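Sequence and predicted structure below; questions after.
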Amino acid sequence: MNLLPATDGKKIALAVVTFIVAGLLSLFFVGEADPCVTCPHERFLANHVCPTCTTTSDAADYMKYLDVDYPRHINTVFYGRPSFEARTYMPNRCGMKTAAPAASCKKVGGSKEPPVYICKSLGLCVAEHSMETGHLFYNEMRCSGN
């Protein structure tokens, strides 16, 4: 026994098919990650993480290689390969899971070629950066040991 008229049945079937198609499309579009919003951000890794550094001298050499013109000619460099996770309490924030050794490096000597950097140890630090731009929130870093 058919309780629904034929037109209602077709509407229900169409609604079910639409729901399924919309769900499948959402897997392709909603679930797709924006390449500019990553944790850790590629720019952060390139400008602030030296996987082979173990000393302030290594960090100074890394900065010579990088030679980016930072405001105030100062940059923070983290040593090794820190691990990261997206922060849930603030959107688009990526943070270190554990503290990593870090140094503050300053360009000295004006426009000398090659550039000269002096790096000072900051101890073990935990920091966050923007998942959209890679900007280090240096004013929010927490360091210990120095």
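In hand now; what should we look at? Keep in mind that this is a model prediction, so the values were computed, not measured. Numbers count the residues shown, from 1 in each chain.

just the CA coordinates of whichever strand or helix holds residue 78, formatted as CSV?
Assigning secondary structure by DSSP states H and E places residue 78 in strand 74-79. What follows is strand 74-79, C-alpha atoms only, in CSV (Å, rounded to 0.1, in the frame of the first residue of the first chain):
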residue,chain,number,x,y,z
ILE,A,74,66.6,41.2,14.4
ASN,A,75,65.3,37.7,13.9
THR,A,76,64.5,34.7,16.2
VAL,A,77,66.0,31.4,15.2
PHE,A,78,64.8,28.0,16.7
TYR,A,79,67.3,25.1,16.6
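
got the buried residues for that strand?
Neighbour counts using 16 or more other CB atoms under 10 Å place 75, 76, 77, 78, 79 of strand 74-79 among the buried residues. Bear in mind the C-beta positions are built from the backbone N, C-alpha and C, glycine included.

Tell me the strands beside it, with direction?
With DSSP bridges as the test, strand 74-79 is paired with strand 49-50 (parallel), strand 100-108 (antiparallel).

Looking at those strands, spot the one closest to residue 94.
With CB to CB as the measure, strand 49-50 is the member of those nearest residue 94 (11.9 Å).

ok, and what's touching the closest one?
Strand 49-50 is contacted by residues 40, 58, 59, 62, 77, 78, 79, 81, 82 when judged by CB atoms under 8 Å, 6 or more residues apart in numbering.

could you give me the average pLDDT of it?
Regarding strand 49-50, the rounded mean pLDDT is 96.

Name the next helix or strand downstream of it, please.
Downstream of strand 49-50, the first helix or strand assigned by DSSP H and E is helix 56-66.

Any buried residues in that following helix, and which?
In helix 56-66, counting by 16+ other CB under 10 Å, buried: 56, 58, 59, 60, 61, 62, 63, 66.

Tell me the strands beside the biggest strand by length in the chain, with direction?
For the chain, the longest strand by residue count, based on DSSP state E, is strand 116-126. Strand pairing for strand 116-126, using DSSP bridges, gives strand 100-108 (antiparallel), strand 142-144 (antiparallel).

What residues of the shortest one count as buried?
Spelled out, that is strand 142-144. residue 143.

rewinding a little: packed most tightly, which of the strands paired with strand 116-126 would that be?
strand 100-108 (a mean of 21; mean count of other CB atoms under 10 Å).
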